[in-house]
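Asker: could you look at this predicted model? Sequence included:
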Amino acid sequence: WPISFESHQTYKAPLYAYLNMPINRLFGNNEYGVRLLSAIAGSGLIILVAIIGKMISGPFVALVAALLMAINPKAIFVSRIAFESNLAAMMLSLGVMLMFYFRKKQKNVYLILTGLFLGLSVWGYHTEWGLAPMMALVLPFLSRKEIVFKKWWPMWLVMVLVAVPIFYNFLAVQRRDVNNRANSQLWFSAGQMQDYIKKSNDGLIKKMMVVALTPVNNYVAHFSLDSMFSSGADMFNGESPLESGWFLLASLPLLIIGLFNIKKVFGKYWSWVLAWWLLCPIVPALTYGGVASVRNLAFIVPTVLIMAGGALTLWKKSQKWSLILGLILIFNFFVFALSYYIHFPKDSGNNFQYGYKQAWEYIKPNIDKYDRVVVENRFGEFGQYTGVPHLYFGYFGAFSAEEMQKRVDKNGTKIGKYEFKYVDW
């Protein structure tokens, strides 16, 4: 029962793997077995934003926030691919929801549950290692005039107790594998940054400025209009008129209106919502590679709440313009759906994880006829699919853990009679 799962010099958070075991057992090694938990987490986020929206504003904000969450491009994208960050974002949002409940009702049971779910979010994805503690400290600090700061100690205690094992495990990993991917993804230790520091002819002052400003630039980039509303979904290779941002372009006016009216819409809770929105990109900004939307998935939740607040403000001022914008938003979503469900699988099938199962199904009927089965990573001379086909073959073929662990990585990868390697055609 490992606390983290090692794969390709990275250590995956364990929550998704363990919670998915009974589902995979029930449905078998197929898309339902691996994606259902993510679908449940994505649906849970819709319910959570509705509950939070109703609590801090009212039914209108609850309904609009839930709708915006349901049609959010990045939420759909990540939920369907079944990234573990989806489950972690739900756990974090559940913990934050319970913080709102405690502030409203001040019952210690909500503090204990908050600590539990914030702690579990740490088990879900690495971003929450930093984000959950920040939320647990900053939000109580902002409400210290209403609730004495030290009154939150049960939440902190439970959260620490739940999260300590995974942090202890991380320190153990550090001692035996200092080159693990978690280290290599920090902006100052990433390979590209190290190459720049060691090989660039720039002066020392400039190098120090580049290193120091990289996380700042990364942070600001998460709020850029390009990432949020134009190309952040990154579905297609290169520029494409069918590309989408994290949010539908038609929702931009709602965000602007919502930010200008955040205090009026959310009352005493406005600082919590704004802090939630501003805190989310901090941890992703500390990694290399610019905007990383998967690492900043939690950012969607406060954003749709602010947008819903903008929708409420607009509705009160002009129902006519609200309906017009609503129709544009619906049209915008249908354009995204057309891109995602029709064009994306054809144009970027490898990104859609298409091809791996089909290759296995092609090979399966003929396995017993041969002593060796050779699979090229590209699936042929002109194949576009690259990556780690041995993992997908192991999954769809139900290879045992013993078989996978006995693989030989020499001139490719060999698992039993299966060989995965480059073939010179």
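Answerer: Noted; the coordinates are in hand. Numbering: from 1, shown residues only.
Asker: what about Phe117, distance to Met135?
Answerer: 11 Å (CB to CB, to the nearest Å). In short, each C-beta sits where N, CA and C put it, glycine included.
Asker: quick one: common contacting residues for these two?
Answerer: Taking CB atoms under 8 Å, 6 or more residues apart in numbering as the contact rule, Phe117 and Met135 both touch Leu92, Gly95.
Asker: which helix of the protein spans the most residues?
Answerer: helix 31-56 (DSSP state H).
Asker: surely Ile23 touches Arg35?
Answerer: No - counting by CB atoms under 8 Å, Ile23 does not reach Arg35; the two are 9.2 Å apart.
Asker: who has more neighbours out of those two?
Answerer: A count of neighbours by other CB atoms under 10 Å puts Arg35 above the other of Ile23 and Arg35, at 18 against 15.
Asker: and the closest residue to that one other than its chain neighbours, what does it touch?
Answerer: Nearest non-adjacent residue to Arg35, counting by CB to CB, 6 or more residues apart in numbering: Ala82, 4.5 Å away. Counting by CB under 8 Å, 6+ apart, Ala82 touches Tyr16, Val34, Arg35, Leu37, Ser38.
Asker: helix/strand/coil for Glu419?
Answerer: Here Glu419 is strand, with the state taken from DSSP: H, G, I helix; E, B strand; the rest coil.
Asker: neighbours of it, how many?
Answerer: By other CB under 10 Å, 18 other residues sit near Glu419.
Asker: per-residue pLDDT of it, please?
Answerer: At Glu419, the pLDDT value in this model is 86.
Asker: that one contacts Val374, correct?
Answerer: Yes - here Glu419 reaches Val374: they are 4.8 Å apart, a contact under CB under 8 Å.
Asker: give the residue farthest from the middle of this protein.
Answerer: Computed with CA atoms, centre = their mean, the maximum C-alpha offset from the centroid of the chain is found at Lys369, amounting to 42.8 Å.
Asker: mind listing what's buried in the helix or strand just after the longest helix of the chain?
Answerer: Next in sequence after helix 31-56, counting helices and strands by DSSP states H and E, comes helix 59-70. Using 16 or more other CB atoms under 10 Å as the test for burial, helix 59-70 gives Phe60, Val61, Ala62, Val64, Ala65, Ala66, Leu67, Leu68, Met69, Ala70.
Asker: count of neighbours near the closest residue to Ser231 other than its chain neighbours?
Answerer: Nearest non-adjacent residue to Ser231, counting by CB to CB, 6+ apart: Glu243, 4.9 Å away. Neighbours of Glu243 under the rule other CB under 10 Å: 18.
Asker: over to Ile40?
Answerer: 15.
Asker: numbering from 791 from now on, please.
Answerer: New numbering, starting at 791: the last item is Ile830.
Asker: so how far is Ile836 from it?
Answerer: From Ile830 to Ile836 the distance is 11 Å (CB to CB).
Asker: and Lys997, by the same measure?
Answerer: Distance from Lys997 to Ile836, by CB to CB: 46 Å.
Asker: follow-up on the earlier one: how much does the longest helix of the chain deviate in direction from helix 849-860?
Answerer: Counting by axes from the mean of the first three to the mean of the last three CA atoms, to 10 degrees, helix 821-846 lies at 160 degrees to helix 849-860.
Asker: list the buried residues of helix 821-846.
Answerer: Going by 16+ other CB under 10 Å, helix 821-846 has these buried residues: 823-828, 831-832, 834-836, 838-846.
Asker: lowest average confidence, helix or strand, in this structure?
Answerer: Here the helix or strand of the chain ranked lowest by mean pLDDT, DSSP states H and E is helix 971-974, holding a mean of 56.
Asker: residue ranges for the strands of this structure, please.
Answerer: Secondary structure of the chain, counting by DSSP state E: strands at 795-797, 800-802, 1163-1165, 1203-1205, 1208-1210.
Asker: looking at those, which is nearest to Phe1037?
Answerer: In terms of CB to CB, the element of the strands of the chain nearest to Phe1037 is strand 800-802, at 27.8 Å.
Asker: and the closest one, what does it pack against?
Answerer: On a contact count with 3 or more CB pairs under 8 Å, 6 or more residues apart in numbering; DSSP states H and E, strand 800-802 meets strand 795-797, helix 971-974.
Asker: neighbours of Met881, just the number please.
Answerer: So Met881, with other CB under 10 Å, has 25 neighbours.
Asker: in contact with it, which residues?
Answerer: Met881 sits next to Leu805, Phe907, Leu908, Leu910, Ser911, Gly914, Glu918 when contact means CB under 8 Å, 6+ apart.
Asker: what's the nearest residue to it if we skip its chain neighbours?
Answerer: Spatial nearest neighbour of Met881, chain neighbours left out: Ser911 (3.8 Å); criterion: CB to CB, 6+ apart.
Asker: and that neighbour, what pLDDT?
Answerer: For Ser911, the predicted pLDDT is 94.
Asker: and what of Ala1023?
Answerer: For Ala1023, the predicted pLDDT is 74.
Asker: please report how far Tyr915 lies from Ala829.
Answerer: From Tyr915 to Ala829 the distance is 17 Å (CB to CB).
Asker: about what we covered before: dump the buried residues of helix 849-860 to CSV, plus distance to Trp943.
Answerer: Listed next are these as CSV, based on distance: CB to CB, whole Å:
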residue, distance to Trp943
Phe850, 36
Val851, 31
Ala852, 31
Val854, 36
Ala855, 31
Ala856, 33
Leu857, 38
Leu858, 35
Met859, 32
Ala860, 37
